[in-house]
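# Provided below are the primary sequence and the corresponding predicted coordinates.
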Amino acid sequence: QIPWSSRKRFYKALKRPTMAPFKTVIFRDAFLGDIITSFIRPILDFIFAISYYVLVVNGLLFTNFKQKLALDAAATTLETSWLLHNCILPASAMLPLWWKFLQTLRQAHGTQQRWP
């Protein structure tokens, strides 16, 4: 387990871009915001993979199907999942972009320049 005191600065640095509308924006915040927005596609792939593994484990543990049937059932469930495709994945894609947009607005407001 990683002690909180040794990673406190790291966690604060990750928290600051999410607090963009309420705090002044420094270079580190803008840089981390750019990195987070660049990772949108890998984040979506990670969420999809986690949901697939959860469905496969659920199918293997709580049903009497063979492994191939559980994999096929998980794939079909994910392909037709309204919650995943219309709520979870779009929200996961939009939140980092929304935070970066708010961060840019705060930076423009703080510097009183349109193009900071």
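Right, received. Where do you want to start?
# quick check: His85 vs Glu79, distance?
In this structure, His85 lies at 9 Å from Glu79, with CB to CB, to the nearest Å as the measure. C-beta coordinates here come from the backbone N, C-alpha and C atoms, glycine included.
# these two: which is more packed in?
Legend: neighbour count by other CB atoms under 10 Å for His85 and Glu79, higher for His85 (13 against 9).
# model confidence for the more buried one, exactly?
In the predicted model, His85 carries a pLDDT score of 93.
# could you look up the SS state of it?
His85 carries the three-state label helix when classified by DSSP: H, G, I helix; E, B strand; the rest coil.
# so where does Pro96 fall, helix or strand?
For Pro96, the host element (DSSP states H and E) is helix 89-111.
# remind me what that helix packs against, helices and strands.
Applying 3 or more CB pairs under 8 Å, 6 or more residues apart in numbering; DSSP states H and E, we find helix 89-111 packed against helix 27-38, helix 40-62.
# can you add distance to Leu97 and give these back as JSON lines?
Written out in JSON lines, the entries for the helices and strands packed on helix 89-111 read as follows (distance: least, CB to CB, whole Å):
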{"stretch": "helix 27-38", "distance to Leu97": "6"}
{"stretch": "helix 40-62", "distance to Leu97": "7"}
